[in-house]
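Peer 1: Curious how this folds, go ahead:
(chains A and B)
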Protein chains: 2
Amino acid sequence: MLGMFCVRVCSGLVGFRTATCVRTLHSLSGITVAQIDEEVAKLLELKARLGGDDGKHQFVLKTAKGTRDYNPKQMAIREKVFNTIISCFKRHGAETIDTPVFELKETLTGKYGEDSKLIYDLKDQGGELLSLRYDLTVPFARYLAMNKITNIKRYHIAKVYRRDNPAMTRGRYREFYQCDFDIAGQYDAMIPDAECLKIVHEILSELDLGDFRIKVNDRRILDGMFAVCGVPDDKFRTICSTVDKLDKMPWEDVKKEMVNEKGLSEEAADQIGEYVSMQGGMDLAERLLQDHKMSQSKQACAGLSDIKLLFSFLQLFQVTDKVVFDLSLARGLDYYTGIIYEAVLTQAGVAAVSNEAQNGANAEESVSVGSVAGGGRYDGLVGMFDPKGRKVPCVGVSIGIERIFSIMEQKAEASAEKVRTTEVQVMVASAQKNLLEERLRLVTELWNAGIKAEVMYKKNPKLLSQLQHCEESGIPLVAILGEQELKDGVVKLRVVATREEIDIARTDLTSEIRRRTSEA
Amino acid sequence: MLGMFCVRVCSGLVGFRTATCVRTLHSLSGITVAQIDEEVAKLLELKARLGGDDGKHQFVLKTAKGTRDYNPKQMAIREKVFNTIISCFKRHGAETIDTPVFELKETLTGKYGEDSKLIYDLKDQGGELLSLRYDLTVPFARYLAMNKITNIKRYHIAKVYRRDNPAMTRGRYREFYQCDFDIAGQYDAMIPDAECLKIVHEILSELDLGDFRIKVNDRRILDGMFAVCGVPDDKFRTICSTVDKLDKMPWEDVKKEMVNEKGLSEEAADQIGEYVSMQGGMDLAERLLQDHKMSQSKQACAGLSDIKLLFSFLQLFQVTDKVVFDLSLARGLDYYTGIIYEAVLTQAGVAAVSNEAQNGANAEESVSVGSVAGGGRYDGLVGMFDPKGRKVPCVGVSIGIERIFSIMEQKAEASAEKVRTTEVQVMVASAQKNLLEERLRLVTELWNAGIKAEVMYKKNPKLLSQLQHCEESGIPLVAILGEQELKDGVVKLRVVATREEIDIARTDLTSEIRRRTSEA
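Peer 2: Here you go, the predicted structure:
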């Protein structure tokens, strides 16, 4: 099967001349992986000597491309958003799991179609071939298969990695959080699927991001549609990814791509064009079940019946106001097998975020609407990992948390209210000198009583600077110690906002602080 | 400077024969990085064709070496531990930040001494050279320098990566959490340092892991000690890392390494041996300040005075019971400049964890005690990143959370109490058939009222299986619907533990559930 192959590498460097090596290997079986590794190492060493990327490399104080630090204010917002989302997941009875940030490379292979090129690989440092996780769904499926779990309802919030073209002002990063909720198990049709949509509805409502819509469709309806429109079987996936561009490109351009690039007949493209312009609810599903073309496809009919059933559950869940059956929805990932969905923000406020594109952003980017959640059913993925191919049906949703962070950060910027980054209830201060020991003694009492308290790390700080710190960081109370207070066994408690000051018996201090900050 | 170099790669494979290439490059300047990249890519492709590691590679369903998944039970424990730790950090007024999982490779270069070989590099896929973070301290320093922050009190909980020899039963992984608390800023001596120890004391006490001790020492005392014992300046670091092995090796072996491997005189080694056997409190610092040898070193005296001051603050913080000044403590990291400390568990329960080593664990591993926190002062690190070398003094502590997880998991295993992995308050069930819609309607009411509720994803589940699910997952209540209940406008509320059942008016249901599960 394998033919001729030869490798010769001779490397010598003045300074320290590495042993010259000349090797001639006449067949593939004659060279070992260890030998290749050695040659690669030599070449890379040479590259390093050349100064990295052709000598242009210099030390720069920055984070890697497409990544960012979160400062304390951003973290405070992130924590709030996570709490809302996690509360919702917990309200629906989800457990949580965690998986490593990297997987064996082969675990990710063949799961992401064309996007596989965006996977970050780790350097082979003489061990396993590893890649950073691209999403949380494939590791979840690997986890289920590895542990032979056949049903679970779990959420997983963690960072994933894609070597994509970053657009950071629009919340698109190379390192970003995913918040996934998935239900695995053999259940009656559309009940877990409907719960996923209920969850999206709850989260987007509670986060108060403005109006939104949840588009739903079904892989089987798409495939059935392609079949009845005359798309050859082997072109389903590629035509599907072209349809997926409809939220960024006008139909005319999508059609052009189908016909000119993908070789579809104009007639077939036009028929697809007719279908993908359709939007509606349960009624549309009913109408399409009667459609003389669509009804020829068993697959499409199965999908349409499920859409009907889904809508009946969504009515019981009281979420039909935001859900629309949209035949143009065609999410890119290979692993979906049934229902698919995507939530988009529809308000002006979001458009502003979307349009605030960076320099050089093209028109295609600036018209994109705010997709903030997406998911679908993937009944085959776990089976790809099971040695015996046993299937575990799954449906799930991923919340597009980075875009939500961006919006929340903008809202916080715009709002007058200051975001607190700590929860400190009281600052232990003194007006006089030489009271460091007394301040440390008091703050210890407070910490030991569970009060969130701070003290300045100075022997003799000025009272003004202690008060200023409180104002800047939103600490509501100051416990002031002086010679007189110590003698009287009291502490002067100052309310920062009103400048009111009262003496409190030292024994009552913690309960008084608790009482005054109970809403915090 | 650079001499001869030649590369020849000819690759041809039957099947698809790639274009044969023969290249002869006569000087280093004649080869470009792009060409090297190309050759490397070809070699690696060949390697992949060979089937990875010498053809032995087969698809295996596993996580990468030294990493693990967390299942829901482990996550529940992890969440509890994190809550305790985060509460403590917040009680002390810390903000939090986050940084990317990878940094530019050069950001990490030269920070970890000999351990740099354990850094995971990302594959060069035609962009920046990146490495997974090795700890949270260096990214923190990079963050401070990059954002010109001169004072902050922050915590950061995130995973770090080390290509170390994993010992997973003992909580040593290649991917593991660090929980760091650091105080950056120019403050009066030893106040923030003492607060770090107070925090360690609080966390270890609250987690209830058994008795512990916090060893403290100072880099300046170590260096002063080496100087007065006659260690040459250029051997300080290497002798220091030998001293660091004292918690795993007897003195005789450490001495042997100093003399035989590191070339220290026997006399110097013996003098070091005398000092490193000393343990005590403020009194020991006072005694050493009078020591005729030690007092010759200005550095040592500065360190000893600070140890005295530290202990005076620790007395005010009420934590001296667990803190011991130990001259054998010599943490490995290069960046420490002042006080250093390490907390160890001292109880039998921990020894059991430590000794439950995997097959092939060597003796050195099985005698190691349970280090669960460590840290120190590093006044120079931020300056390494600042273009103008401006220093930001820092002191911090890292909680060894993975070992704590291991202990907590073992405790949970041993305890009779079941760990709940969800917080579901009530299960909506029915005894009769055809009530799916009614169940979905009721669970929607509960979700919308903020109750944590579940419903089985079956059209007609058996009552028994619904009750079994409650028992298994610890759900305390069941809301049972039947024709009669629907007619009467009530719900039958069943207490799982007692099997007691009462009818509750549907309008009162949420408040009744809340009342009965308020302690959950």
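
Peer 1: Quick check: residues of the stretch 101-250 of chain A near chain B?
Peer 2: By CB under 8 Å from any CB of the partner chain, the residues of the stretch 101-250 of chain A that approach chain B are A:101-104, A:106, A:120-125, A:127-130, A:132, A:142-143, A:145-147, A:152, A:154, A:159, A:161, A:163, A:175, A:183, A:185, A:187-188, A:191-192, A:195, A:198, A:202. C-beta: built from backbone N, CA, C; applies to glycine.

Peer 1: tell me which helix or strand of chain A sits lowest on mean pLDDT?
Peer 2: When the helices and strands of chain A are scored by mean pLDDT, DSSP states H and E, helix A:363-366 comes last with a mean of 34.

Peer 1: Grab the nearest non-local neighbour of A:L204.
Peer 2: With sequence-adjacent residues excluded and distances taken as CB to CB, 6 or more residues apart in numbering or on different chains, A:L204 is closest to A:F212, at 4.9 Å.

Peer 1: what does A:I239 give?
Peer 2: Using CB to CB, 6+ apart, the nearest residue to A:I239 is A:V231, at 5.3 Å.

Peer 1: Over to A:G66?
Peer 2: Using CB to CB, 6+ apart, the closest residue to A:G66 is A:R174 (2.9 Å).

Peer 1: Equivalent analysis for A:T107, please.
Peer 2: A:R142 (5.4 Å).

Peer 1: Wait, a strand at that neighbour?
Peer 2: No. Applying DSSP: H, G, I helix; E, B strand; the rest coil, one finds A:R142 to be helix, outside a strand.

Peer 1: Show the subsequent helix or strand relative to the least confident helix or strand of chain A.
Peer 2: strand A:370-377 (DSSP states H and E).

Peer 1: Report the strands that pair with that following strand, each with its relative direction.
Peer 2: Using DSSP bridges, strand A:370-377 pairs in its sheet with strand A:339-345 (antiparallel), strand A:394-399 (antiparallel).

Peer 1: tell me the mean pLDDT over it?
Peer 2: Throughout strand A:370-377, pLDDT has a mean value of 92.

Peer 1: Which positions within whichever helix or strand comes after that strand qualify as buried?
Peer 2: Counting by DSSP H and E, the next helix or strand C-terminal to strand A:370-377 is helix A:381-385. By neighbour count on 16 or more other CB atoms under 10 Å in any protein chain shown, the buried set for helix A:381-385 is A:L381, A:V382, A:M384, A:F385.

Peer 1: Going by distance to A:A302, which of the residues you listed wins?
Peer 2: A:L381 (19.4 Å; CB to CB).

Peer 1: excluding its backbone neighbours, what's nearest the closest one?
Peer 2: A:A141 (4.3 Å).

Peer 1: ok, now which ones touch the one you found?
Peer 2: With contact taken as CB atoms under 8 Å, 6 or more residues apart in numbering or on different chains, A:A141 is in contact with A:Y378, A:L381, A:V382, A:M384, A:F385, A:V392, A:C394.

Peer 1: What is the burial count for A:R237?
Peer 2: A:R237 has 15 neighbours, counted by other CB atoms under 10 Å in any protein chain shown.

Peer 1: same deal with A:V495?
Peer 2: When neighbours are defined as other CB under 10 Å, A:V495 has 13 of them.

Peer 1: same question, the one 10 residues further on
Peer 2: Counted with other CB under 10 Å, the burial measure for A:A505 works out to 11 neighbours.

Peer 1: Please report how far the residue nearest to it when sequence neighbours are not counted lies from A:I307.
Peer 2: Leaving aside its chain neighbours, A:A505 sits nearest to A:V490 (5.7 Å; criterion: CB to CB, 6+ apart). Applying CB to CB, to the nearest Å, the value for A:V490 to A:I307 is 71 Å.

Peer 1: Of those two, which one has the most company?
Peer 2: Just comparing A:V490 and A:I307: by other CB under 10 Å the higher neighbour count belongs to A:I307, 26 against 19.

Peer 1: which helices and strands does the helix or strand that one falls within pack with?
Peer 2: Using DSSP H and E, A:I307 sits within helix A:298-316. Counting contacts by 3 or more CB pairs under 8 Å, 6 or more residues apart in numbering or on different chains; DSSP states H and E, helix A:298-316 is packed against helix A:191-207, strand A:212-218, helix A:219-228, helix A:282-290, strand A:323-326, strand A:339-345, helix B:436-448.

Peer 1: does the last one come close to chain A?
Peer 2: Yes. Residues of helix B:436-448 are located near chain A by CB under 8 Å from any CB, namely B:L436, B:E437, B:L440, B:R441, B:T444, B:W447, B:N448.

Peer 1: could you flag which of these are buried?
Peer 2: Buried by 16+ other CB under 10 Å: B:L436, B:L440, B:R441, B:T444, B:W447, out of the residues of helix B:436-448 next to chain A.

Peer 1: In a markdown table: these, plus pLDDT.
Peer 2: Below are these laid out as a markdown table (pLDDT from 0 to 100):
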| residue | pLDDT |
| --- | --- |
| B:L436 | 96 |
| B:L440 | 97 |
| B:R441 | 97 |
| B:T444 | 97 |
| B:W447 | 97 |
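
Peer 1: care to break chain A down by domain?
Peer 2: Using automatic domain parsing, the domain parsing of chain A gives A:1-61, A:72-414, A:426-516.

Peer 1: Give me whichever of these is most buried.
Peer 2: Sort the domains of chain A by mean neighbour count, taking mean count of other CB atoms under 10 Å in any protein chain shown, and domain A:72-414 sits at the top with a mean of 19.

Peer 1: From what I see, A:E512 and A:V495 are in contact.
Peer 2: No. The criterion here is CB atoms under 8 Å, and A:E512 misses it with A:V495 at 11.1 Å.

Peer 1: Output the below-cut-off pLDDT ranges for the stretch 351-500 of chain A.
Peer 2: A:351-369 (pLDDT under 70).

Peer 1: which bits of the stretch 301-450 of chain A sit near chain B?
Peer 2: So far as CB under 8 Å from any CB goes, the stretch 301-450 of chain A lies against chain B at A:313, A:316-318, A:385, A:387, A:421-424, A:436-437, A:440-441, A:444, A:447-448, A:450.

Peer 1: ok, now which ones touch the closest residue to A:G127 other than its chain neighbours?
Peer 2: Nearest non-adjacent residue to A:G127, counting by CB to CB, 6+ apart: B:K65, 6.4 Å away. By CB under 8 Å, 6+ apart, B:K65 lies in contact with A:G127, A:E128, B:P166, B:R174.

Peer 1: Can you tell me how far A:E501 is from B:L61?
Peer 2: 66 Å.

Peer 1: what does A:P476 give?
Peer 2: 54 Å.

Peer 1: Equivalent analysis for A:A429, please.
Peer 2: Distance from A:A429 to B:L61, by CB to CB: 59 Å.

Peer 1: same deal with A:I475?
Peer 2: Distance, A:I475 to B:L61, using CB to CB: 52 Å.

Peer 1: got it, and A:N217?
Peer 2: Per CB to CB, A:N217 is found 32 Å from B:L61.

Peer 1: Please report phi then psi for A:K492.
Peer 2: phi -80, psi 120 (degrees, to the nearest 10).

Peer 1: Remind me which helix or strand the nearest residue to it once chain neighbours are set aside belongs to.
Peer 2: Setting aside the residues directly before and after it, A:K492 is nearest to A:I480 in space (CB to CB, 6+ apart), at 4.1 Å. Using DSSP H and E, A:I480 falls within strand A:477-481.
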